[in-house]
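*Asks:* predicted coordinates and the sequence they were generated for:
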Amino acid sequence: MRRLNYIFFFLLAVSFILIVEAEAQKWPWSKEKPVIDRIQPSSGAPGIEVTITGRNFDSAKLPIEKISPVKFHTVPSITAKIVSWTNERIVVKVPPGRGIVNVTVGESNRSIFTYREPFISNMYPSSGKVGSDRCIPTTVTITGENFGFRQFTGDGTRLMFGQSVVTGDKIKEWNNKKIVFETPDDCGSGLRFLSDVSEFIGYAIKVHNALTFGSSQWAEYLSEFTNFAIEHKIQEVVMTAKRDGLETNVRIVTSAGESNKVKFIYPLEVTSAPPSSLPPAASLLFSWKASATWSGDFNGPRDSKGRRWFDPDFNDSNWTPITLPDNDSFYSHNPLDRFYRASFDLSNIEIIKLSFSSDDGVWIYVNGRYLGHWGGQWRKGGCVNSPLKRCVENINVQPVVIPSHLLFPCKNSIAVRVSNGGYNSYFDMRVEK
């Protein structure tokens, strides 16, 4: 009997110890603190998912599971939305913030996360068209990095097209490395946003007056007058774009900072063959050829024998025959060059004049010898005799006389470099006796 009592009390003590240990597991102060070993990736944009690895994460769980114990210690500190959770691995979405911040899980040690500003590496297309009363919406794709993700209204993430914020169904796709959007019809003036605000205010006044049995007539008048003024202003922007062309900037803004700016332009429309301000071509000049676009150094291309592009005996057999004027053949948002060659015959040395137009700078050689440079510096803006009036900087140059010592009483060659500072390109040349 006594032995049975010993066994009973022994089993009772063991059961008590097991129950106490099980209950103790429910109290956070009885557990080890969580430890963060690593955050991967340790830098990036707001909204991306990061993985936190370590141990004892369950000890940081809160009674209400929807409340996250993972904090990014920005100013002020913000909790991160939990995607998945285990005792040794947590996946969260990075909340809005900037700079270098500490990250904790409950009362864990601190680990570092660095917010990265967005960067645009490419945009296509980089130009649009102007309609009769609006800038025609164009679908544009931007690629780069650290674009982030919008998490909630007011988190600081937005796409700016000039002064206009691109929102709603204008955003076709948005991820951390790519954005597809439709350009606003206000040409980036920001006026469409004012129109939306006006309509909202008018609607709010109507609701208020309806609830207070007041008149809504003046609210309608205010809304209509404001919209008329905005539409009139948009018309002015469109007319300016048609007359002079329009250039605006595209940029991405997140809580981490602002991206670089990329140019988007509305060039002057050329509905038929581009106009030429030059006199009719003389019969002396024939068979122009043009190189491929050149992104190399200032020296320009050489042939297989090392002869430079302006040498009279340069081999241009792989160049493309073209007819001038050459309009937008190497349109690009990156600075590029294109080279041109032609020849003409003289029976006697006589006075020869060259008339030319270019977008942008132009360098001319006659029979391998330097004649001159006009317009913008190498891969900088600055047009010459531009007939399209789409250049911010343009100079007028009278026909240039070729000095007689540069000419031969036989075959003569002309070589031209046109260096484009970006976007539209143009070249035309005529020979006059």
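*Replies:* Nice, I can see it.

*Asks:* look up how far K61 lies from the nearest residue to L62 once chain neighbours are set aside.
*Replies:* Leaving aside its sequence neighbours, L62 sits nearest to P69 (CB to CB, 6 or more residues apart in numbering; 5.6 Å). To be clear about C-beta, it is placed using only N, CA and C from the backbone, and glycine gets the same treatment. The gap separating P69 from K61 is 7 Å, by CB to CB, to the nearest Å.

*Asks:* ok so, going back, run a quick neighbour tally on the residue nearest to L62.
*Replies:* Close neighbours of P69, defined as other CB atoms under 10 Å, add up to 20.

*Asks:* let me see the domain layout of this structure.
*Replies:* Domains of the chain are assigned by automatic domain parsing as 31-115, 118-269, 286-432.

*Asks:* now do the first one, average pLDDT.
*Replies:* The average pLDDT within domain 31-115 is 91.

*Asks:* check the offset of it from the chain's centre.
*Replies:* Taking CA atoms, centre = their mean, to the nearest Å, the mean C-alpha location of domain 31-115 is offset from the chain mean by 31 Å.

*Asks:* which of the helices and strands in the protein ranks last by mean pLDDT?
*Replies:* One helix or strand of the chain scores below all others by mean pLDDT, DSSP states H and E: helix 191-211, with a mean of 52.

*Asks:* for G372, what are its contacts?
*Replies:* W363, I364, V400 (CB atoms under 8 Å, 6 or more residues apart in numbering).

*Asks:* any idea what R158 is bridged to?
*Replies:* Legend: beta-bridge partners of R158 under DSSP bridges are V253.

*Asks:* equivalent analysis for K178, please.
*Replies:* Listed beta-bridge partners, K178: T143, N175 (assigned using DSSP bridges).

*Asks:* that one and T143 touch, don't they?
*Replies:* Yes: counting by CB atoms under 8 Å, K178 touches T143, with 5.3 Å between them.

*Asks:* for the chain, what spans make up the helices?
*Replies:* Along the chain, counting by DSSP state H, helices occupy 2-24, 191-211, 217-244.

*Asks:* weakest of these in terms of mean pLDDT?
*Replies:* With a mean of 52, helix 191-211 has the lowest mean pLDDT of those.

*Asks:* ok so, going back, OK, contacts around the residue nearest to L62?
*Replies:* P69 neighbours (CB under 8 Å, 6+ apart): A60, K61, L62, T79, V105, G106.

*Asks:* now with 6 Å, please.
*Replies:* Counting by CB atoms under 6 Å, 6 or more residues apart in numbering, P69 touches A60, L62, V105, G106.

*Asks:* cool, Y426 as well?
*Replies:* Shown in contact with Y426 (CB under 6 Å, 6+ apart): N327, D359.

*Asks:* can we start the residue count at 16 from this point?
*Replies:* Got it, first residue is 16 now, which makes that one Y441.

*Asks:* quick check: it vs P282, distance?
*Replies:* In this view, Y441 and P282 are 11 Å apart by CB to CB.

*Asks:* kindly report the same for R353.
*Replies:* Distance from R353 to P282, by CB to CB: 18 Å.

*Asks:* and for N314?
*Replies:* Using CB to CB, N314 is found at 30 Å from P282.

*Asks:* which one is A75 nearest to, not counting chain neighbours?
*Replies:* Distance criterion CB to CB, 6+ apart; nearest residue to A75, sequence neighbours excluded, is G121 at 2.8 Å.

*Asks:* shouldn't the one you found be in contact with L77?
*Replies:* No: taking CB atoms under 6 Å as the definition, G121 is not a contact partner of L77, at 8.4 Å.

*Asks:* skipping adjacent residues, who's closest to I135 in space?
*Replies:* In space, I135 is closest to G159, 4.4 Å off (CB to CB, 6+ apart).

*Asks:* and that neighbour, how many neighbours?
*Replies:* Under the neighbour criterion other CB under 10 Å, G159 is assigned a count of 19.

*Asks:* can you name the residues that contact L421?
*Replies:* Residues near L421 by CB under 6 Å, 6+ apart: V381, N382, R384.

*Asks:* so which of those is the closest to R323?
*Replies:* Distance to R323, by CB to CB, is smallest for R384 among the contacts of L421, at 12.1 Å.

*Asks:* quickly note the distance from the closest residue to that closest one other than its chain neighbours to G387.
*Replies:* Computed as CB to CB, 6+ apart, the closest residue to R384 that is not its neighbour in sequence is L421, at 5.4 Å. L421 sits at a distance of 11 Å from G387 (criterion: CB to CB).

*Asks:* G396 touches G376, doesn't it?
*Replies:* No: counting by CB under 6 Å, G396 does not reach G376; the two are 8.7 Å apart.

*Asks:* between the two, which one's more packed in?
*Replies:* In this view G396 and G376 are compared by other CB under 10 Å, and G376 has more residues nearby, 23 against 19.

*Asks:* mind listing what that one touches?
*Replies:* G390, G391, G397, S434.

*Asks:* let's see it at 7 Å
*Replies:* Counting by CB atoms under 7 Å, 6 or more residues apart in numbering, G376 touches H388, G390, G391, Q392, W393, K395, G397, S434.

*Asks:* need the nearest residue in space to the first one, chain neighbours excluded.
*Replies:* Just to be clear, that refers to H388. That would be W378: by CB to CB, 6+ apart, it lies 4.8 Å from H388.

*Asks:* Y438 is in contact with H348, correct?
*Replies:* Yes: using CB atoms under 7 Å, H348 makes contact with Y438 at a distance of 6.2 Å.

*Asks:* higher neighbour count, these two?
*Replies:* Applying other CB under 10 Å to H348 and Y438 shows that Y438 carries more neighbours, namely 24 against 17.

*Asks:* the more buried one contacts N349, correct?
*Replies:* No: counting by CB under 7 Å, Y438 stays clear of N349, with 9.5 Å between them.

*Asks:* tell me, how many residues neighbour S434?
*Replies:* Neighbour count of S434, defined by other CB under 10 Å: 27.

*Asks:* tell me the confidence at it?
*Replies:* Turning to S434, the model gives it a pLDDT of 93.

*Asks:* next one: P282
*Replies:* According to the prediction, P282 has pLDDT 81.

*Asks:* burial of it, as a residue count?
*Replies:* Neighbour number of P282 under other CB under 10 Å is 19.
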